[in-house]
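Kindly generate the corresponding structure for this input.
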Amino acid sequence: MIQVHVQWLVLLAGCIQLIEVDAITPAADVPLKVPAHVPNVWGGSARGVTGMTKNSGQMFAYSGADGSTQEGSGFVGLYQPQLYQIQFLAGDAVLDLGLSDGKQTDTESVPAGYILAATSDVIAVASKNQLSKEHRSKDENERNYTQSVLPEIVTTYQAWDMLVGYAPSVELKGVWRDDHILVANSTGTSSTVCNISGKWHDHSEYVITEGADGSFSVVSLTPHSWARAAGFVNLANGSLTITYDNGKVDHAIIGDNGQGCSEIHWLSSFGGTWFRDAGPTPAGVTCTSVKHMTLCTKAAGGSTMDDAPSVLFALVFNDASGRAADAVNALTTSAVHIAANAKLATLAALPPVPATWHQSTGSGSSPVKHSLSQEKSARPTAAFDYDRVAAKVYSVMRVNTLSPEGIAPVHWSTPDKTPHQAMWLWDSCFHAIGRCIVEPHLAWEFLEAMLRAAAADGHVPIQAEPWNGQLSGDTQPPLLTLATSYVRMYGGVNDSQLRWAVPRLERYLLWDIANRDRDGNGLFEWDKGTESGLDNSPVFDSYDGTVASIDFSVYMALEMQLLARLQTTLGNTTAAQSWEARANRTTEMIHSALWDSADKFYYYRDQNGTGDFIKIKIASGFAPLLLDGISDERVAQLLVHLNNPNEFATAAPLPTVSKDDATYCTNMWRGPAWTNTNWFTILGLRKYSHVPGALEAADRLQRSTINTVAKYYEQFGTTFEFYDSSDVTPPTKLERKGSLSSGGVRDYHWTAANIFWMLYSPNGTLPNV
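This is a model prediction of the structure:
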């Protein structure tokens, strides 16, 4: 028997908790156990434009909730189900998993198979030929065949850099970008073997010289945009490091180009060795190295179960010590199943979604037919499988969870492992608010990691890279006190942690007051549009930093009010009164200075001379509903805008720009719907639920938001950054800033976290702490 250390998630007292056990692999075969409602949507391609920072496909990676990760490596897989492939970023390789059925006859030549599981860290596929008629239910959602059918493909992660599994065939292919491969010309002399000329990522030119003694040097011909090369150091194991003026270190590996000169392959910024030493492999094990990925395989066999899959494999990133060969030598089909079952168990442990969502679909985006294959199989047009939606978004939340690393001594979160990768301020708040529903202590760690990145003067950066300590000088919407309040409400912040957090939350708000309220009137101004999180919103088309922001001012008033409550909890009465007074002052200024009585709407307002309103109706105009002090009459006037189909009552609300505005389009923050904007509006409407129509509007918007995400999850198998509020253009084809028809980022964390919160909080309100 084989002993394997596994982490299991179990549901205790309404919370998912980790329990570590030593699981014993029994001598008998262990089947793959796919629980009900596990994500298995087999949709069309979710890929976008290749050149758009690689943000395509479903992310496939190891979760930091399960063990150690190294996000600084940039290593992540993108699952491309339409091709049965996993492309590895930073690995520059594609793992091709074949199906014995061969290809379908349709124009896309898609392999024929049934997806049994398609999560962020487990893929299981059964071939169509394996499924007899008695195993095929009329409603393909009833996956009663999964316990009796042996999949042809199962793959999962054993560690952040190791993938194991089995498949009918496995092939590792190299994928190089033009700026990642440099082949030397044979121009050597007695003192210089080869020269390599090329361009950095910003197209500045350089020359690398390899000396006769094997040493290398670099000369920059044009200034580099962010640092000039200081020189190469030749390492004995066949790799190079290059150190820049700003301390950043990059790596490359050296190979022979077959013409007497070296070939240099550029890698991502990641410390460590790059090649495992050549050596004998165990009998029956075959290994292939493509760039800095190592794939080792062996024929399956040894038990009845092992007769079905053709190849067992282990894939390792930067295999420095033969781990892939050792792993596959000990690998069995049962061991693969045990690793996969442990991860699938985390989804099975989720509590059922409240019955509210299984009732009538109400208004909003209509459900679409669901299929486990590319075939257009029938499904009754009824409510979505909201439990499966919950499992999908939780899977996205897991894949974007990272382990302690660098300046983050606790778990932290990222918006998406590609392209954003790092830790971001308001994103971390949304992630924590969603995660605290089931794992409040982990949610607190997300916030703690962000607070630990704060400077001594209180500034919290918009972005932090924990692995190297690099911080941004800008900031982002202040939501840390709101998030801390939610997490405390769910039991994730104890009194000791609160006493640690409150001074840091206070310093951050004081920093915003000193640096983002330039005229001291209690209204706040973004330094630039990208600080707001609404990056390309039309309100920033002609922005000079002196415009009073609705959303910024509302966030600050809410943060100050919640901080006053936390100070009261700690017995700091004087501090509580001071923050309550600040909150009231900003709230009063918002209601008096940013409300246009003519249009009956809240606008951004110029504070430099004219004092004119920026008369572009954006979704932030509903943000003041989060605050006290709005009359019932004014709430009713806001509902008129919200319910007008020419403004905000679109097919898939809430548009970030009113539909009747000339700037309305499908470009990111210039019209598409975002789940976080909807979430704020839902909370505001519930705050004023006594006003006729407000509660109904909140319920409608919450259901519509969930249904829009569910609809396109079932079509494309992923969650998106934003959605067409008119529900005409699919999210894969929306414009993102200057990138046409690329769509937003896939498997986006705050979309997942917002939807998770909405699913489990059908009557959710602002935190009561």
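
residues contacting Gly284?
Lys298, Ala299, Asn329 (C-beta atoms under 8 Å, 6 or more residues apart in numbering). For glycine as for every other residue, the C-beta is placed from the backbone atoms N, C-alpha and C.

hang on, I meant Lys392
Pro39, Val41, Thr119, Tyr713, Thr719, Ala752.

Just the buried ones from the contacts of Gly284, in PyMOL syntax?
Here is the PyMOL command that selects the buried residues among the contacts of Gly284 (16 or more other C-beta atoms under 10 Å):
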select buried, resi 298+329
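
mind listing the strands for the stretch 401-550 of the chain?
With strands called from DSSP state E, counting those that start in this stretch, the stretch 401-550 of the chain shows them at 401-402, 412-413, 423-424, 463-465, 470-471, 547-548.

Mean neighbour count and distance to Val164 added to those, as a markdown table?
Output for the strands of the stretch 401-550 of the chain, formatted as a markdown table (neighbours: other C-beta atoms under 10 Å; distance: least, C-beta to C-beta, whole Å):
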| stretch | mean neighbour count | distance to Val164 |
| --- | --- | --- |
| strand 401-402 | 27 | 21 |
| strand 412-413 | 30 | 26 |
| strand 423-424 | 26 | 29 |
| strand 463-465 | 22 | 29 |
| strand 470-471 | 18 | 33 |
| strand 547-548 | 24 | 54 |
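
Out of those, which is closest to Trp579?
strand 547-548 (20.8 Å; C-beta to C-beta).

Direction included, what does that closest one pair up with?
According to DSSP bridges, strand 547-548 forms sheet pairs with strand 604-606 (antiparallel).

what helices or strands is the next helix or strand after the strand it pairs with leaning on?
For strand 604-606, the following helix or strand on the C-terminal side (DSSP states H and E) is strand 613-614. On a contact count with 3 or more C-beta pairs under 8 Å, 6 or more residues apart in numbering; DSSP states H and E, strand 613-614 meets strand 604-606.

out of the contacts of Lys392, which are inside helices?
Mapping the contacts of Lys392 onto helices (DSSP state H) picks out Tyr713, Ala752.

quick revisit: strands - which of the contacts of Gly284 land there?
Lys298, Ala299 (DSSP state E).

Thr297 against Asn329, yeah?
No: if you go by C-beta atoms under 8 Å, Thr297 and Asn329 don't touch, sitting 10.6 Å apart.

Could you name every residue contacting both of the two?
Between them, Thr297 and Asn329 share the contacting residues Val285, judged by C-beta under 8 Å, 6+ apart.

Could you find the lowest-pLDDT member of the contacts of Lys392?
Taking the contacts of Lys392 together, the minimum pLDDT is found at Val41 (72).

burial count for it?
Neighbours of Val41 under the rule other C-beta atoms under 10 Å: 21.

Within the helices and strands, which one has Leu116?
strand 113-118.

Show which residues not belonging to the very next helix or strand once past that strand make contact with it.
Where DSSP H and E defines the elements, the next helix or strand beyond strand 113-118 is strand 122-127. Here strand 122-127 makes contact (C-beta under 8 Å, 6+ apart) with 32, 34, 60, 79, 84, 86, 97, 99-101, 112-118, 145-146, 149-156, 165, 340, 343-344.

Now do the next helix or strand after strand 122-127 against strand 122-127, angle only.
Counting by DSSP H and E, the next helix or strand C-terminal to strand 122-127 is strand 153-159. Orientation of strand 153-159 against strand 122-127 (axes from the mean of the first three to the mean of the last three C-alpha atoms, to 10 degrees) gives an angle of 170 degrees.

Enumerate every residue touching Ala443.
Shown in contact with Ala443 (C-beta under 8 Å, 6+ apart): His431, Ala432, Ile433, Gly434, Arg435, Cys436, Ala483, Val487, Tyr490, Gly492.

Can you give me the neighbour number for the first one?
Think His431. For His431, using other C-beta under 10 Å, the count is 31.

Chain neighbours aside, what residue packs nearest to it?
Leaving aside its chain neighbours, His431 sits nearest to Ser413 (4.2 Å; criterion: C-beta to C-beta, 6 or more residues apart in numbering).

From Thr346, how far out is that neighbour?
Relative to Thr346, Ser413 is positioned 16 Å away (C-beta to C-beta, to the nearest Å).

cool, Leu482 as well?
Taking C-beta to C-beta, one finds Leu482 at 27 Å from Thr346.

Repeat that for Ala340.
Distance, Ala340 to Thr346, by C-beta to C-beta: 11 Å.

what do you get for Ser496?
Ser496 is 28 Å from Thr346, by C-beta to C-beta.

Which one's more surrounded, the two?
Thr346 (26 against 8).

Restricting to C-alpha, output stretch 577-593 in CSV.
What follows is stretch 577-593, C-alpha atoms only, in CSV (Å, rounded to 0.1, in the frame of the first residue of the first chain):
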residue,chain,number,x,y,z
GLN,A,577,-17.1,59.7,17.6
SER,A,578,-14.4,61.3,15.5
TRP,A,579,-14.9,58.9,12.6
GLU,A,580,-18.7,59.1,12.8
ALA,A,581,-18.4,62.9,12.4
ARG,A,582,-16.1,62.5,9.4
ALA,A,583,-18.5,60.0,7.8
ASN,A,584,-21.5,62.3,8.4
ARG,A,585,-19.7,65.3,6.8
THR,A,586,-18.8,63.4,3.7
THR,A,587,-22.3,61.9,3.4
GLU,A,588,-23.9,65.4,3.6
MET,A,589,-21.5,66.7,1.0
ILE,A,590,-22.4,63.9,-1.4
HIS,A,591,-26.1,64.5,-1.0
SER,A,592,-25.8,68.2,-1.4
ALA,A,593,-23.0,68.7,-3.9
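
Report the buried residues of it.
Buried residues in stretch 577-593, counted by 16+ other C-beta under 10 Å: Ser578, Trp579, Glu580, Arg582, Ala583, Asn584, Thr586, Thr587, Met589, Ile590, His591, Ala593.

out of those residues, which are inside helices?
Reading helices off the buried residues of stretch 577-593 with DSSP H, I get Ser578, Trp579, Glu580, Arg582, Ala583, Asn584, Thr586, Thr587, Met589, Ile590, His591, Ala593.

Kindly reformat those residues as TSV containing distance to Leu654.
Listed next are those as TSV, based on distance: C-beta to C-beta, whole Å:
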residue	distance to Leu654
Ser578	35
Trp579	30
Glu580	30
Arg582	29
Ala583	26
Asn584	28
Thr586	24
Thr587	23
Met589	25
Ile590	20
His591	21
Ala593	24
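
Closest to Phe384 out of the residues you listed?
Distances from Phe384 to those, taken by C-beta to C-beta, are shortest for Ile590, at 37.3 Å.
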